[in-house]
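Participant: The following block contains a protein sequence and its predicted model.
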Amino acid sequence: MAKELKDLTKRSEDYSKWYNELVVKADLAEQSAVRGCMVIKPYGYAIWEKMQHTLDEMFKATGVQNAYFPLLIPKSFLCREAEHVEGFAKECAVVTHYRLKNDPEGNGVIVDPEARLEEELIVRPTSETIIWGTYKNWIHSYRDLPLLINQWANVMRWEMRTRMFLRTSEFLWQEGHCAHATAEENEARAVQMINLYAEFAEKYMAMPVVKGVKSENERFAGALNTYTIEAMMQDGKALQAGTSHNLGQNFAKAFDVTFINKDNKPEYVWANSWGVSTRLMGALIMTHSDDNGLVLPPHLAPIQVVIVPIYKNADQLRQISCVVEPLMAELKGLGVSVKYDDADNRRPGFKFADYELKGVPVRLAIGARDLETGTVELMRRDTLEKETLPLEGIAGHIVRELEDIQQSLYQKALDRRERNTYVVDSYEEFKQRLDEGAFVLAHWDGTTETEERVKAETKATIRCFPLDGDMTPGTCIFTGRPSACRVLFARNY
RNA sequence: CGGGGUGUAGCACAGUUGGUUAGCGCGCUACGUUCGGGACGUAGAGGUCGGGCGUUCGAGUCGCCUCACCCCGACCA
């Protein structure tokens, strides 16, 4: 037992390298042989699929359709939008050849030097360029607009340093690319999508977020305006969880995408793009998990309820199963995802610990004792509290309990963020609060120069101008110059 | 690309001033006893010690080279 615990502690230490000593390694992913890429294991992928399906339905409700564009982008496409190149073209994987051949010296295969591509292809780091290259052919009239497209895809950025879930070389994401006829409609769409992300984060991930606008320095290469949702992790650091960009007419101009408007005049199309990635899984882990492992909000848990039978022999198991099976049917009828773990190659204690590690929100245990008394033991993953309840009416109770867990996870995260958010008026306090792990609302003179100086001195960056922030002018706490409003500072992942 | 660190069984590690047959724990396999918080006993399987070259009678251990990974910077969702 002591050894087991030590082992668990070791796993905890191991995981802390990634997640700042917050949670135990929950075995969702592992590093692949390819530099900085991850293998997402089935249970981890099930969580991602749940996120995908939920987001997909939300997108479709706003009129967005899914499509798919090529993985490889001709290098020339990336040169079209100057600012985009400036911000993005650097850390990319490049395809230079199209064929291998057998090594004449017998050492396996080599790249065939004869097979050099005339133009290199870039493994997409994001798809704006190829999509706008395509939109040129799709958009001719105001009747073709708005064009609302989303793609679920993988992208690759040759990151110098990778971190599981938060910054892998290859990651899974969705990227929405919309084209609109007017600037107003376009801006409204960018705002709509950041609101959608915020709703997803709060309702499904139980993760409160600050909606805001990025500073000029932090915004997407080629965008007029970048909206962001920023979440606070358990150590007080910020994580950018989703973005939505108003790209103005930059990409339309770069790719010559015009339409004939109602007055029969040609006009450039207005563009926006928006995305969230497997980073959300990192956010989920770092927001709720504890030393026993994952804690999943019921709305995203692949398994919401696990039932563990406790029995001494096959006959007892049969009796327990007779009680469990109708309950399973009832729960499924209520839309609850339930697993009955009657595997006899693991003992109950092992299963308990294992499902805690997996973050299953509700656990039921039923043994011979319960059969006699007509009860069941229910445990909540978030509080680890156990209760013995009558079997009668348990399904309805579970549904309410799941909802309660969802709410209380959100409330707990919100309380933590509010407790650790400070309105600050001196540089001294600014530094002190950051060291404690906090969000800081402070006045700033609006210059990139000051922003970078603060980053160099404190490692804190401007996360955003909060959309519902305090708009009262003041004086910059770094330079004493006038400031239009308070901005949100934090250290970030 | 700079600075630091680690490579020994599936995982996590120990391995003395160089010494003969390379070890512990977890996991794995078989059998038995167990089963309400990660069970226990017995018996097993599993290693070109990251790779290469060198020093030596002898290298997991020393030297040089190389590769991979991790951490801190620059880059970034």
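Facilitator: Structure's in. What do you need? Numbering: from 1, shown residues only, chains lettered A, B, ... in the order given.

Participant: all contacts plus neighbour counts: C-alpha atoms, from now on.
Facilitator: OK.

Participant: any weak-confidence spans in the stretch 51-200 of chain A?
Facilitator: Along the stretch 51-200 of chain A, segments meeting pLDDT under 70 span A:82, A:87-90, A:105-108.

Participant: Show me which residues of it sit near RNA strand B.
Facilitator: A:87-88, A:90-91, A:156-157, A:159-163, A:165-171 (Cα under 7 Å from any atom of the strand).

Participant: Go again with 10 Å.
Facilitator: Taking Cα under 10 Å from any atom of the strand, the part of the stretch 51-200 of chain A that reaches RNA strand B is made up of A:86-92, A:125-126, A:154-173.

Participant: And the residues you listed, which of them are buried?
Facilitator: Using 16 or more other Cα atoms under 10 Å as the burial test, those include A:88, A:92, A:125-126, A:154-159, A:162-173 as buried.

Participant: Count the residues that sit near A:P113.
Facilitator: The number of residues packed near A:P113 is 13, by other Cα atoms under 10 Å.

Participant: who touches it in this structure?
Facilitator: A:H97 (Cα atoms under 8 Å, 6 or more residues apart in numbering).

Participant: cool, and A:A283?
Facilitator: Applying Cα under 8 Å, 6+ apart, the residues contacting A:A283 are A:231, A:233, A:239, A:241.

Participant: Just these: which are in strands?
Facilitator: A:231, A:239, A:241 (DSSP state E).

Participant: ok, of these, which one's closest to A:Y197?
Facilitator: Nearest to A:Y197 out of the ones in strands among the contacts of A:A283 is A:A241 (Cα to Cα; 8.5 Å).

Participant: wouldn't that closest one be in contact with A:E230 here?
Facilitator: Yes. Contact criterion Cα atoms under 8 Å: A:A241 and A:E230 qualify, at 5.9 Å.

Participant: A:V423: neighbouring residues, count only.
Facilitator: Neighbour count of A:V423, defined by other Cα under 10 Å: 16.

Participant: Then A:Y135?
Facilitator: Neighbours around A:Y135, by other Cα under 10 Å: 21.

Participant: and it, what does it touch?
Facilitator: Counting by Cα under 8 Å, 6+ apart, A:Y135 has contacts A:V257.

Participant: And A:K60, by the same measure?
Facilitator: By Cα under 8 Å, 6+ apart, A:K60 lies in contact with nothing.

Participant: In the contacts of A:A283, which has the lowest confidence score?
Facilitator: pLDDT is lowest at A:M233 among the contacts of A:A283; the value there is 87.

Participant: And the residue nearest to that one when sequence neighbours are not counted, how far from A:Q411?
Facilitator: The spatially closest residue to A:M233, leaving aside those adjacent along the chain, is A:T287, at 5.1 Å (Cα to Cα, 6 or more residues apart in numbering). Counting by Cα to Cα, to the nearest Å, the gap from A:T287 to A:Q411 is 12 Å.

Participant: Between the two, tell me which one has more neighbours.
Facilitator: Set A:T287 next to A:Q411 and count neighbours by other Cα under 10 Å: A:T287 wins out with 28 against 16.

Participant: Surely A:D112 and A:P104 touch.
Facilitator: No. A:D112 is beyond contact range of A:P104, at 10.9 Å (criterion: Cα under 8 Å).

Participant: more crowded one of these two?
Facilitator: Neighbour count, other Cα under 10 Å: between A:D112 and A:P104, A:D112 has more, with 14 against 9.

Participant: what's the closest non-adjacent residue to the residue nearest the centre of chain A?
Facilitator: With distances taken as Cα atoms, centre = their mean, A:L280 lies nearest the centre of chain A, 1.4 Å away. The shortest distance from A:L280 to any non-neighbouring residue, by Cα to Cα, 6+ apart, is to A:A241 (6.1 Å).

Participant: Count the neighbours of that neighbour for me.
Facilitator: 27.

Participant: quick one: the strands in the stretch 151-300 of chain A?
Facilitator: Here the stretch 151-300 of chain A has its strands, by DSSP state E, counting those that start in this stretch, at A:170-180, A:210-213, A:225-232, A:238-248, A:258-260, A:266-268, A:270-277.

Participant: Sheet partners, orientation included, of the third one?
Facilitator: Using DSSP bridges, the strands paired with strand A:225-232 are strand A:210-213 (antiparallel), strand A:238-248 (antiparallel).

Participant: show me where pLDDT drops low in the stretch 251-400 of chain A?
Facilitator: In the prediction, the stretch 251-400 of chain A carries no residues with pLDDT under 70.

Participant: which residues are in contact with the strand or helix carrying A:A365?
Facilitator: Using DSSP states H and E, the element containing A:A365 is strand A:362-367. Applying Cα under 8 Å, 6+ apart, the external contacts of strand A:362-367 come out as A:304-311, A:320, A:375-381, A:398, A:402.

Participant: Equivalent analysis for stretch A:229-237, please.
Facilitator: Residues outside stretch A:229-237 that contact it (Cα under 8 Å, 6+ apart): A:20, A:22, A:194, A:197-198, A:207-212, A:238-243, A:283, A:286-288, A:416-417, A:420, A:436-439, A:463, A:490-493.
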